[in-house]
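Peer 1: Here is my input, please return the structure:
(2 chains)
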Amino acid sequence: MSRLSVNIAGVEWKNPVTVASGTFGSGAEYSEFVDLSRLGAVTTKGVANVPWPGNPTPRVAEVYGGMLNAVGLQNPGIDLFLERDVPFLKQFDTRIIVNVCGHEKKEYAAVAERLSDAPVDMLEVNISCPNVTEGGIAFGTDPRSAEEITREVKRYAKQPVIMKLSPNVTDITEIARAVESGGADAVSLINTITGMKIDVESRRFVLANKTGGMSGPSIHPVAVRMVYQCAQVLRVPIIGMGGIMTAEDAIELMLAGAAAVSVGTANFVNPRASLEIVEGIEAYLKRHGISDVKELVGAVRE
Amino acid sequence: MQREKMTENAKVLAQRALADHIYDLTLEAPQIAAASSAGQFVSVYTHNPAKLLPRPISLCGIDRAAGRLRLVYRVTGEKAGTAEFSRLAPGDTVRLLGPLGNGFTVLPKKRAFLVGGGIGVPPMLQLAKDIRSGTAQGLSGEPCEMHIFMGYRDASAFLLDEFRQQADCFAATEDGSVGTKGNVINAIEESGCQADVIYACGPTPMLRALKSYAAEHDMRCFVSMEERMACGIGACLACVCGSEEKDAHTNVNNRRVCREGPVFDAREVIL
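Peer 2: Sure thing, here's the model as predicted:
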C-alpha cells in the first residue's frame, strides 16, 4: 500500500483530495453518495458573517466543456453554519476546511473570529469570487489588498489559513507572493475564470448576472499552468483545482506542484467523482510503484 | 419527502416522437422506478463529454412493477443535450440520477384540478393516474374527484388522449385549434367546474395566474417549478426560487427547487 496522506500547513489529511468550495454544500447532500470519511478534507461552501441571498436566477449555464455559475455566494451565515453544518461534518473522520467570504475586511475577520474556537481544521479565504460586486475578487486581483486581507484574517484565525486565488489576473504569482508575505499558510487555485454567454436567438444574457465563473475540464490546462507558476515561487503548499474530472487530472496538478487537490464541477457530473479520484490516485501509485503520494508533488520532468 | 437517490444506467426500451420536438422515451430503470413518485424528476446525462451537466426531466410515467420510467421531454435545439436523447434507440443506455425532488402530495378528499401547460403537461399524467387509483403521495387508497386542464400552443396537444382516460379533461390552445381558445384559466372558467385544490406544472406565467386564481377562489394550489440546475440534489444552490418566508435550510428567502421542490405550496413561493 502506498502512503496517501499529506500534510498541508501542519494539518494531516488522510489523502490529498478535497472538494472545491461551492460545489459540495456542507457535505450533507453528497453524503448520500460518498462516505465523507474517505476524503482528505471537505471544503464547505463560502460562509459570511450574516446570511447572503445570492444572485437572481438563472445562476448557471452550460458551456462547451464546462459551465458558468453566478450563484453569488448565497449562504446561511456563520450562526446557522456553526450550529448545523459543523456538527454534521464532525460525524465524519475527515478534515473540515471552512471557506470564508465577505464584502470587506471586517466581515472576513468576523467570520474568522467566530471560527477560532470552532472544531474546524483550516480556513480557506475566498478573495476570488467573480460573482459579487464588492469584496471577493476585488481583494484577489490587487497584490496589496490581497496581502492586507491575508494579514487581517491571520490576526483572528486560530487555524491555518488558505488563501484562494483568482486566475483573472495578469500574473498570478504576484498575488501568490503577496498572500505569502501576508502570512498565508497555504494557497488554493484556481477559482473560476470570468465568462459570459449570450443566447443568440433571444439576444439575451443567459445568466441573470450577465457574467459567471467558468469551471470544468476546459479550464484545466489553465489551472495546471498557474499551479506550476506558483509552485516555482512559493514556499507554502498549493491546493490545486480547476477542471479535475479524473484521477489523471488530479495527478497532473500534483506533478505541476500541488500538494493536494480539489474536485469541483466533476461532482455535478458524477456525485461519486471525489471518491473515485481518491481510488484512481491510489491505483496510479500502485501501477507506477510509487510508495508515497508526496513523491508526485512538483515532480514534472523538464 | 426525501427518498434515497441513486445513479442508474437505464436501458432504452422504446422511443417515439409525440409532436414537433416532443419525444416519449421509455426506460428500464428498476431501482429509480421503485423509489419514484409523481412530480419527481430524474437528471439525465448525455454521452457527450463536452456537455457536463445532466438534464432534469420530469417523470411522465412510473411503472414500479415493471421497473420502467417514461420521460416525455422537449428537444430545445439541434445541438442541445435533449437532441442527443431524441436519437436514443432501444438497447442504448443512458445514465440517470434520481429520483429527485419532493413530488406532489395530494390532499385527501379534496376535489382537484390538475393543470399542465406546455412541457409541464407530462408529469401531470402520472399524478392523474395516482389520484384516480388513490395511490398518490398523501392518499390512502381513496381517489379524489378530479378535473384535468391541459394547455398547449397548438393542435399538437400531446398526451391529451391519455389524460382523457383518467378523468374529465379540458384543453386550451393558444390558436384555438383544440378546446378553449386561450389559456388554462379560460378553460377552467369555461368548464364551470369547481375544486378545492389545484396541482399544476407549466410555465411561470401560468403558475402565477393559477396562484391568483386559487387565492381568489379560496383554493389551495401546489405548483411544480422549473429552474436551471447543476447538481440536482441541493448542494450547489443554482436552482433557487424566491420564498415568502425565510427558508429553514438556506436561512434566506430562497428555496431549492431541486430539493424542497420542485412542488411548492404556491403561497410559499414568489412567482
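Peer 1: Up against chain B, what does the stretch 101-250 of chain A have?
Peer 2: The stretch 101-250 of chain A comes close to chain B at residues A:G216, A:P217, as judged by CB under 8 Å from any CB of the partner chain. C-beta here means a position set from N, CA and C on the backbone, and glycine is covered the same way.
Peer 1: in the stretch 101-250 of chain A, which spans are strands?
Peer 2: A:122-126, A:161-164, A:186-189, A:193-196, A:198-199, A:204-205, A:211-215, A:238-241 (DSSP state E, counting those that start in this stretch).
Peer 1: same check, this time on the stretch 101-250 of chain B
Peer 2: Using DSSP E, counting those that start in this stretch, strands in the stretch 101-250 of chain B cover B:112-117, B:146-152, B:168-173, B:180-181, B:197-201, B:220-224, B:240-242.
Peer 1: for the strands of the stretch 101-250 of chain A, which one ends up most surrounded?
Peer 2: strand A:238-241 (a mean of 31; mean count of other CB atoms under 10 Å in any protein chain shown).
Peer 1: interface residues of chain B facing chain A?
Peer 2: The interface of chain B toward chain A, taken as CB under 8 Å from any CB, is made up of B:4-5, B:7, B:45, B:49-54, B:97, B:227-241, B:249-254, B:259.
Peer 1: rerun at 6 Å
Peer 2: Contacts of chain B with chain A, taken as CB under 6 Å from any CB of the partner chain, map to B:5, B:50, B:52-53, B:227-228, B:230-231, B:233-235, B:237-238, B:250-252, B:254.
Peer 1: Would you agree B:P56 is in contact with B:R228?
Peer 2: No - in this structure, B:P56 is not within contact of B:R228 by CB atoms under 6 Å, at 9.1 Å.
Peer 1: Who has more neighbours out of these two?
Peer 2: Set B:P56 next to B:R228 and count neighbours by other CB atoms under 10 Å in any protein chain shown: B:P56 wins out with 23 against 19.
Peer 1: you'd agree the more buried one is in a strand?
Peer 2: Yes - if the criterion is DSSP: H, G, I helix; E, B strand; the rest coil, then B:P56 is within a strand.
Peer 1: now the helices for the stretch 51-200 of chain B?
Peer 2: Applying DSSP state H, counting those that start in this stretch to the stretch 51-200 of chain B gives helices spanning B:81-86, B:122-133, B:160-164, B:184-191.
Peer 1: Identify the residues contacting whatever residue of the stretch 101-250 of chain A ends up closest to chain B.
Peer 2: Chain B sits closest to A:G216 of the stretch 101-250 of chain A, with a gap of 5.6 Å, by CB to the nearest CB. A:G216 makes contact with A:G65, A:G66, A:M67, A:G243, A:T265, B:L52, according to CB atoms under 6 Å, 6 or more residues apart in numbering or on different chains.
Peer 1: if we can go back for a sec, switch the strands of the stretch 101-250 of chain B over to a markdown table; also include mean neighbour count and distance to B:E189.
Peer 2: Listed next are these as a markdown table, based on neighbours: other CB atoms under 10 Å in any protein chain shown; distance: least, CB to CB, whole Å:
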| stretch | mean neighbour count | distance to B:E189 |
| --- | --- | --- |
| strand B:112-117 | 27 | 12 |
| strand B:146-152 | 26 | 10 |
| strand B:168-173 | 20 | 10 |
| strand B:180-181 | 17 | 9 |
| strand B:197-201 | 26 | 13 |
| strand B:220-224 | 23 | 16 |
| strand B:240-242 | 23 | 27 |
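Peer 1: Relative to B:V75, which of these is closest?
Peer 2: strand B:146-152 (16.5 Å; CB to CB).
Peer 1: contacting residues around that closest one?
Peer 2: B:112-117, B:121, B:131, B:160, B:163, B:167-173, B:183-184, B:187-188, B:193.
Peer 1: about what we covered before: I'd like the strands of the stretch 101-250 of chain B as a markdown table, with distance to B:D265 and mean pLDDT appended.
Peer 2: Shown next, in a markdown table, are these (distance: least, CB to CB, whole Å; pLDDT from 0 to 100):
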| stretch | distance to B:D265 | mean pLDDT |
| --- | --- | --- |
| strand B:112-117 | 15 | 98 |
| strand B:146-152 | 19 | 98 |
| strand B:168-173 | 24 | 97 |
| strand B:180-181 | 27 | 96 |
| strand B:197-201 | 10 | 98 |
| strand B:220-224 | 6 | 98 |
| strand B:240-242 | 12 | 97 |
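Peer 1: For the buried ones among the residues of chain B next to chain A, write the corresponding ChimeraX selection.
Peer 2: Selection of buried members from the residues of chain B next to chain A for ChimeraX, criterion 16 or more other CB atoms under 10 Å in any protein chain shown:
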select /B:5,52,53,227,228,230,231,233,234,235,237,238,250,251,252,254
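Peer 1: Where does chain A get nearest to chain B, residue-wise?
Peer 2: As assessed by CB to the nearest CB, chain B sits closest to A:P76 within chain A, at 3.4 Å.
Peer 1: what sits against that residue?
Peer 2: Residues counted as contacts of A:P76 (CB under 6 Å, 6+ apart) are A:P51, B:T250, B:N251.
Peer 1: measure whichever residue of chain B sits closest to chain A to A:R84 for me?
Peer 2: Nearest residue of chain B to chain A: B:N251, at 3.4 Å (CB to the nearest CB). Applying CB to CB, to the nearest Å, the value for B:N251 to A:R84 is 9 Å.
Peer 1: Show the contacting residues for A:I97.
Peer 2: Neighbours of A:I97 in contact, by CB under 6 Å, 6+ apart: A:A41, A:T43, A:M122, A:E124.
Peer 1: Need those in CSV (columns: distance to A:I290 and pLDDT).
Peer 2: What follows is these, written out as CSV (distance: CB to CB, whole Å; pLDDT from 0 to 100):
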residue, distance to A:I290, pLDDT
A:A41, 22, 98
A:T43, 26, 98
A:M122, 26, 98
A:E124, 28, 98
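Peer 1: picking up where we left off before, name the stretch among the helices of the stretch 51-200 of chain B that sits most buried.
Peer 2: Highest mean neighbour count among the helices of the stretch 51-200 of chain B (mean count of other CB under 10 Å): helix B:122-133, with a mean of 24.
Peer 1: Tell me which residues are up against it.
Peer 2: B:38-39, B:58-62, B:72, B:104, B:106, B:114, B:116, B:136, B:143-144, B:146, B:159, B:162, B:166, B:201.
Peer 1: Among those, name the buried ones.
Peer 2: Using 16+ other CB under 10 Å, the buried ones in the contacts of helix B:122-133 are B:38-39, B:58-62, B:72, B:104, B:106, B:114, B:116, B:136, B:143-144, B:146, B:159, B:166, B:201.
Peer 1: Kindly confirm my reading that A:M67 forms part of a helix.
Peer 2: No - A:M67: not assigned to a helix; according to three-state DSSP it is strand.
Peer 1: which stretches of the chain have low pLDDT?
Peer 2: Chain wasn't specified; assuming chain A. Applying pLDDT under 70 to chain A picks out residues A:129-136.
Peer 1: that's the other chain; I wanted chain B
Peer 2: Flagging of chain B using pLDDT under 70 yields the residue ranges B:1-3.
Peer 1: A:G212: which of the contacts of A:P76 is nearest?
Peer 2: For these, the nearest to A:G212 is B:T250 (19.8 Å; CB to CB).
Peer 1: quick one: the closest one and B:F222, what's the gap?
Peer 2: 20 Å.
Peer 1: Over to B:M6?
Peer 2: 26 Å.
Peer 1: go on, A:A208?
Peer 2: Shown here: A:A208 relative to B:F222, a distance of 26 Å by CB to CB.
Peer 1: Kindly report the same for A:V206.
Peer 2: 29 Å.
Peer 1: ditto for B:V257
Peer 2: Taking CB to CB, one finds B:V257 at 14 Å from B:F222.
Peer 1: Just give me the longest strand of chain B.
Peer 2: The single longest strand within chain B, with elements called by DSSP state E, is strand B:6-19.
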